[in-house]
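> Just the structure for this:
(chains A and B)
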Amino acid sequence: KAGVTQTPRYLIKTRGQQVTLSCSPISGHRSVSWYQQTPGQGLQFLFEYFSETQRNKGNFPGRFSGRQFSNSRSEMNVSTLELGDSALYLCASSLAGGRDGYTFGSGTRLTVV
Amino acid sequence: KQEVTQIPAALSVPEGENLVLNCSFTDSAIYNLQWFRQDPGKGLTSLLLIQSSQREQTSGRLNASLDKSSGRSTLYIAASQPGDSATYLCAVMNSGYSTLTFGKGTMLLVSP
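Numbers count the residues shown, from 1 in each chain, chains lettered A, B, ... in the order given. Presented below is the predicted three-dimensional model:
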């Protein structure tokens, strides 16, 4: 079966712009989580959606937002990009809110210049 | 607040060695623990999932153990191969939550 699909794979944006990343979970999975990975901070939780509702949010500024659609696909948006937002953004999906484990996508590499 | 530590941060071994990667966590009230592998620039590949009620899980040459009361997990890799070279990440999910807390990982290099 198809895995977790993230698009685009790579993005280069200018400071001050905004960006939207997309994630399609495994078919049937209703839980989608987003993580940011940087060399200095490692993997940090951004937010989690379940059946179109945000259930948890990590400690990130309001410039980071997300949503989930009725087909479970999710998007995250970062506005007013800063150089420090350069990172690998990973999306993960689960059938049972993590109780069955998470499957991760290949990530979107965002570079802010 | 849950904190996850992985030791060592890096490990270099010759092919064929058996090795152990360590993961410790500060809050024992976990629901499960998951081991992942990450190749450079890529996403995470799930290796093993251990529920809090389990002591260990095995998949091929990999064996993961969990001692919840002491806040420790180990990943045992038997007969290591160059293809095992990657970063190995440990992540815990606390009871009552659905988010993962990750360690910083162990970067493994297996030389031919």
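> Can you tell me the closest non-neighbouring residue to B:Ser59?
Once flanking residues are discounted, B:Ser59 sits nearest to B:Leu48: 5.8 Å by CB to CB, 6 or more residues apart in numbering or on different chains. In this view, the C-beta of every residue, glycine as well, is placed from N, C-alpha and C.
> what is the mean pLDDT for the host helix or strand of the one you found?
Assigned by DSSP states H and E, B:Leu48 belongs to strand B:44-51. Per-region confidence: strand B:44-51 scores 97 on mean pLDDT.
> what's the answer for stretch B:13-33, then?
96.
> List the buried residues in it.
Buried residues in stretch B:13-33, counted by 16 or more other CB atoms under 10 Å in any protein chain shown: B:13, B:19, B:21, B:23-25, B:28, B:30-33.
> about what we covered before: what's opposite the residue nearest to B:Ser59 in the beta bridge?
Taking DSSP bridges as the rule, B:Leu48 bridges to B:Trp35.
> What about it, how many residues nearby?
20 (other CB atoms under 10 Å in any protein chain shown).
> how about it, what does it touch?
Contacts of B:Leu48 were listed using CB atoms under 8 Å, 6 or more residues apart in numbering or on different chains, and they are B:34-35, B:57-59, B:62, B:64, B:75.
> Can you tell me which of the residues you listed comes closest to A:Thr80?
Set against A:Thr80, the nearest of those by CB to CB is B:Gln34 (33.8 Å).
> okay, now the nearest residue to B:Ala9 once chain neighbours are set aside: neighbour count?
Leaving aside its sequence neighbours, B:Ala9 sits nearest to B:Thr106 (CB to CB, 6+ apart; 6.4 Å). Neighbour count for B:Thr106, taken as other CB under 10 Å: 21.
> swap in B:Val4?
B:Val4, neighbours per other CB under 10 Å, totals 24.
> which non-adjacent residue is nearest it?
B:Gly103 (4.0 Å).
> wait, isn't the one you found in contact with B:Cys23?
Yes. Taking contacts as CB atoms under 8 Å, B:Gly103 lies within contact range of B:Cys23: 5.7 Å.
> Name the residues contacting each of these two.
Residues touching both B:Gly103 and B:Cys23 (CB under 8 Å, 6+ apart) are B:4-6, B:90.
> and the residue nearest to B:Ala9, what does it touch?
By CB under 8 Å, 6+ apart, the residues touching B:Thr106 are B:6-11, B:21-22, B:87-88.
> my read: A:Leu90 touches A:Tyr35, true?
Yes. With contact defined as CB under 8 Å, A:Leu90 and A:Tyr35 form a contacting pair (4.6 Å).
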